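Colleague: Below is the sequence, then the predicted model.
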Protein chains: 4
Amino acid sequence: MVQILNSRSKQASDRVLRRSETRRLDILRAAARVFRRRGVAATGMREIAQEADLSPGNLYYYFSGKDELLLFCQERTLEHMLAAVSAARATPASSAEQLRSVLRAHVHAMLDELEGATAHLEVDALPAGMRAPIIEKRDRYERAVRQLVMEGVARDEFAHCDAALVTRAMLGAVNWTARWYRPDGARTVTEIAKTLADFLVRGLLK
Amino acid sequence: MVQILNSRSKQASDRVLRRSETRRLDILRAAARVFRRRGVAATGMREIAQEADLSPGNLYYYFSGKDELLLFCQERTLEHMLAAVSAARATPASSAEQLRSVLRAHVHAMLDELEGATAHLEVDALPAGMRAPIIEKRDRYERAVRQLVMEGVARDEFAHCDAALVTRAMLGAVNWTARWYRPDGARTVTEIAKTLADFLVRGLLK
Amino acid sequence: MVQILNSRSKQASDRVLRRSETRRLDILRAAARVFRRRGVAATGMREIAQEADLSPGNLYYYFSGKDELLLFCQERTLEHMLAAVSAARATPASSAEQLRSVLRAHVHAMLDELEGATAHLEVDALPAGMRAPIIEKRDRYERAVRQLVMEGVARDEFAHCDAALVTRAMLGAVNWTARWYRPDGARTVTEIAKTLADFLVRGLLK
Amino acid sequence: MVQILNSRSKQASDRVLRRSETRRLDILRAAARVFRRRGVAATGMREIAQEADLSPGNLYYYFSGKDELLLFCQERTLEHMLAAVSAARATPASSAEQLRSVLRAHVHAMLDELEGATAHLEVDALPAGMRAPIIEKRDRYERAVRQLVMEGVARDEFAHCDAALVTRAMLGAVNWTARWYRPDGARTVTEIAKTLADFLVRGLLK
DNA sequence: TATGAATGAGATTTCATTCAT
DNA sequence: TATGAATGAAATCTCATTCAT
């Protein structure tokens, strides 16, 4: 990935790099789409290559292999989600509204036509040696959501509850959308996100 | 195989059949455990054979292949779950309590040490031609749960809601337990089942 | 196969042996039927066992394995055919009629409902080390038929010809019946045998 | 794979395709050779790969599996033979000479060093679902040969006979050459073809 | 003699990855 | 950068044969 810069102008090499980065992103997005459609384990490099409009061999010019591709996919989405939870918590809104907003963002992060990805839900598809940073992010995210729940309890917005379990229940409900959502279904992603967030938070309110 | 069946030989063949069926069940349970631990797509016949304590080739004496094994696993669990929902609906309890009972049974069907199985969550791992009966059962189950929700609304126990989406949210929350539950975790399956069922139904109450 | 004779009467043990031989013959016939139906290479021991009405394992009580079974099948039929050619040559008939009679017998040896066998046509299905006696018989048979042709030429019954090639042509024509003959077809084995023998010898006559 | 095709790249892709087709043909020929040597059922993918000088896995880059390989082999040869019979019938020659010419071509189609193939004789080696087009061609060919026989009878060139049976006898005689022909034998393919054709047609003449 | 069950070698096939150009 | 072709490891499955009873 690190390129040996030739003697041409820095601008030119920047442009090359930028083009290359764009290409890598395109490939990541293509991979994410196939992973979402078929599941990581059932997805072959050939399918990814085809979705990204290049030859199988050429994939390896941009990524070292399926694992790296998967790792970056997962990282990207988790960072998306971590940003969303940070944004929500930076808000003066109620815990309920913060939580709803996080859950809605979560659904969008998975299902949005262009950038939605679900590969991060399959951590075990990574070789054991590469899981640590993904697990760390995933757990950090879960802790942040749990924190929102606990804050709501502390603020007397939410009833007392087993925050750990309830958090997982909520995350499960939104994660599961990846399994049944169809773009041509009766409800839009936005509707789904709102309905689920409202329902789940309702179970917490006093 | 023309045999004169006297009452003794018939008994013997019954016994043999019964033993054979027992063995098949043992293997199914072993397969279900590995499927639950590692996911269907990532599970190899070798692993199943090892878990069931026989040689890989010998698996094929009992089942025609991975697909059949998977099909039976899925069918078994879905029938368990359908029985549970029928049992709950045969009860004079409130909709809320019926629903809680179904959700608890659902969690148990997946996580119980001995018989818990999650393979039915991965319908796409079956070859397309074998999916129909599984999908039918799965959808029948979902419809039954949705029916419970709608009945609760009709009886004024539950607030008005998008029953289809809310049902999927609840099922997602319980299905997702398969991903994070560890037998040596802080909470028992029974605790998890109760907490989740209570939380989820709470979101429906008026 | 060699049995340890117990102290009972010799008669009894003879009866056992005879019974055992009968059983072996039954199995050979069953094997021959399956070999004819499906070809040697495509026939499994399970199919033979089923056709012979015993368990797969039990086959090995009577025969040391598939190879022996095949060997005996081939030997049996070839000896049939050698006997037929000897019988024909012991006759005072013309060469033409002797030859016709051999060819008819050949067709019957392969297609007859009860005893017909074609396994001897697949010599290569035997392990190389076991082929010698079969090849010897097969070649002896071919030589005998060729001899008939050459005698007919010497006696001025047949036109001069390349006896080796013509013999193989005739044998090919009759061997090939095994591939297309169906018991429920329009012509009986006897009709086929006669028509083919007449046609083939016709090509030799002056 | 959206590509702007300028005249150069199109040429290149043509060249590539042509090379690929050449390779496929090479492999087909190699497979045909092994099938002829050892019989279809006894031939493994490893042997074909070795004969074609590539790794077993690489075979699957060119063909989807053994079945496809076999299908193409059979189709190729049968089309050769159908072409030969068409060519013969387009001729003003006598029925006898047309028939001889077909039989000679038949022998060549099977035994010629380079392109000879015999896989089409083993239709049952194909999975049942793939047989139809092969059987259709095979039967069409047989009908065409039978037609030649019947025409000869109608023209009073041939004696009255059971055309169906006699046709099968002739085809059996030539098909059987595949079983005994050895390239290092005493007679060339051409000699064999001529001798057999002459002999077989002789049996038809008045 | 007879059987259900077990085994191990080998077959076909898949697939991530690499190579040559 | 890009590609068609190649590879090798591993997966699923088959099957003759053997074992324990």
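Modeller: Sure, I can see it.

Colleague: For chain D, what is the nearest residue in chain A?
Modeller: A:Asp53 (6.2 Å; C-beta to the nearest C-beta). Just so you know, the C-beta spots here come from the backbone N, C-alpha and C atoms, and that holds for glycine as well.

Colleague: Would you agree that residue falls within a helix?
Modeller: No: looking at A:Asp53 with DSSP: H, G, I helix; E, B strand; the rest coil, it is coil, so not inside a helix.

Colleague: three-state assignment of A:Val40?
Modeller: Of the three states, A:Val40 takes coil under three-state DSSP.

Colleague: pretty sure A:Glu157 is touching A:Gln98, no?
Modeller: No: assessed by C-beta atoms under 8 Å, A:Glu157 is found out of contact with A:Gln98, at 10.0 Å.

Colleague: Would you list the phi and psi of the residue of chain A closest to chain D?
Modeller: With angles defined as degrees, to the nearest 10, A:Asp53 sits at phi 70, psi 40.

Colleague: re earlier: pick out whichever of A:Glu157 and A:Gln98 has more residues nearby.
Modeller: Between A:Glu157 and A:Gln98, A:Gln98 has the larger neighbour count (other C-beta atoms under 10 Å in any protein chain shown), namely 22 against 18.

Colleague: ok, now which ones touch the more buried one?
Modeller: A:Gln98 makes contacts with A:88-89, A:91, A:148, as judged by C-beta atoms under 8 Å, 6 or more residues apart in numbering or on different chains.

Colleague: Any chance of TSV for the residues you listed, columns distance to chain C?
Modeller: Converted to TSV, the contacts of A:Gln98 look like this (distance: C-beta to the nearest C-beta, whole Å):
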residue	distance to chain C
A:Ala88	65
A:Arg89	67
A:Thr91	71
A:Leu148	63
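
Colleague: Can you check these and name whichever has the most neighbours?
Modeller: A:Leu148 (27 neighbours).

Colleague: sorry, back to before: okay, the residue of chain A closest to chain D and A:Ala30: tell me how far apart.
Modeller: Distance of A:Asp53 to A:Ala30, given as C-beta to C-beta, to the nearest Å: 8 Å.

Colleague: neighbour count winner among those two?
Modeller: Between A:Asp53 and A:Ala30, A:Ala30 has the larger neighbour count (other C-beta under 10 Å), namely 20 against 13.

Colleague: Now name the helix or strand holding that one.
Modeller: helix A:10-38 (DSSP states H and E).

Colleague: so who does the spatially most central residue of chain A touch?
Modeller: In chain A, the residue lying closest to the centroid (C-alpha atoms, centre = their mean) is A:Thr77, at 2.6 Å. Contact analysis of A:Thr77 by C-beta under 8 Å, 6+ apart lists A:32, A:109-110, A:117-120.

Colleague: in which helix or strand would I find it?
Modeller: Per DSSP H and E: helix A:66-89 holds A:Thr77.

Colleague: Quick check: residues of chain A near chain D?
Modeller: Neighbours of chain D within chain A, by C-beta under 8 Å from any C-beta of the partner chain: A:50, A:53.

Colleague: what does stretch A:145-163 rub up against?
Modeller: Counting by C-beta under 8 Å, 6+ apart, A:85, A:88-89, A:94-96, A:98-99, A:102, A:164, A:166-167, A:170-171, A:204-206, B:187, B:195, B:199 sit against stretch A:145-163.

Colleague: what about that stretch, distance to the chain center?
Modeller: Here the centre of stretch A:145-163 is set off from its chain's centre by 24 Å, with C-alpha atoms, centre = their mean, to the nearest Å.

Colleague: End to end on that stretch, go ahead and measure it.
Modeller: 9 Å (C-alpha to C-alpha, to the nearest Å).

Colleague: Just give the nearest non-adjacent residue to A:Leu99, would you?
Modeller: Once flanking residues are discounted, A:Leu99 sits nearest to A:Leu148: 4.8 Å by C-beta to C-beta, 6 or more residues apart in numbering or on different chains.

Colleague: and A:Glu113, how many residues sit next to it?
Modeller: Around A:Glu113 there are 8 other residues, counting by other C-beta under 10 Å.

Colleague: Which strand or helix spans it?
Modeller: Counting by DSSP H and E, A:Glu113 is part of no helix or strand.

Colleague: That one: what's it in contact with?
Modeller: A:183, A:189.

Colleague: do A:Asp139 as well
Modeller: Taking C-beta under 8 Å, 6+ apart as the test, A:Asp139 contacts no residue whatsoever.

Colleague: Just the pLDDT for it.
Modeller: For A:Asp139, the model assigns a pLDDT of 98.

Colleague: what about it, helix or strand, and which?
Modeller: Residue-wise, A:Asp139 maps onto helix A:131-154 under DSSP H and E.

Colleague: Averaged pLDDT, the next helix or strand after that helix. What do you get?
Modeller: Downstream of helix A:131-154, the first helix or strand assigned by DSSP H and E is helix A:163-180. Mean per-residue pLDDT for helix A:163-180: 98.

Colleague: do stretch A:39-48 as well
Modeller: Stretch A:39-48 shows a mean pLDDT of 95.

Colleague: again, but for stretch A:80-88
Modeller: Here stretch A:80-88 scores 97 as its mean pLDDT.

Colleague: which parts of it are buried?
Modeller: A:80-81, A:84-85, A:88 (16 or more other C-beta atoms under 10 Å in any protein chain shown).

Colleague: quick one: is that stretch near chain B?
Modeller: No: remark: stretch A:80-88 sits outside contact range of chain B, by C-beta under 8 Å from any C-beta, the gap being at least 15.8 Å.

Colleague: what residues does chain A put near DNA strand F?
Modeller: Counting by C-beta under 7 Å from any atom of the strand, the residues of chain A close to DNA strand F are A:16, A:19-20, A:23, A:54-58, A:61.

Colleague: Of those, just say which sits nearest to chain C.
Modeller: Using C-beta to the nearest C-beta, these come closest to chain C at A:Pro56, 36.7 Å.

Colleague: so who does the nearest residue to the closest one once chain neighbours are set aside touch?
Modeller: In this structure, A:Pro56 finds its nearest non-sequential neighbour in A:Ala49, 4.5 Å apart by C-beta to C-beta, 6+ apart. Going by C-beta under 8 Å, 6+ apart, A:Ala49 touches A:55-56, A:58-59.

Colleague: Give me the buried positions along stretch A:142-157.
Modeller: Per 16+ other C-beta under 10 Å, stretch A:142-157 contains these buried residues: A:142, A:144-146, A:148-153, A:157.

Colleague: Take these and write them to TSV, including pLDDT and distance to C:Ala42.
Modeller: Converted to TSV, those look like this (pLDDT from 0 to 100; distance: C-beta to C-beta, whole Å):
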residue	pLDDT	distance to C:Ala42
A:Glu142	98	58
A:Ala144	98	64
A:Val145	98	61
A:Arg146	98	63
A:Leu148	98	67
A:Val149	98	65
A:Met150	98	69
A:Glu151	98	72
A:Gly152	98	70
A:Val153	98	71
A:Glu157	98	74
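
Colleague: From these, pick the one nearest chain C.
Modeller: A:Glu142 (54.1 Å).
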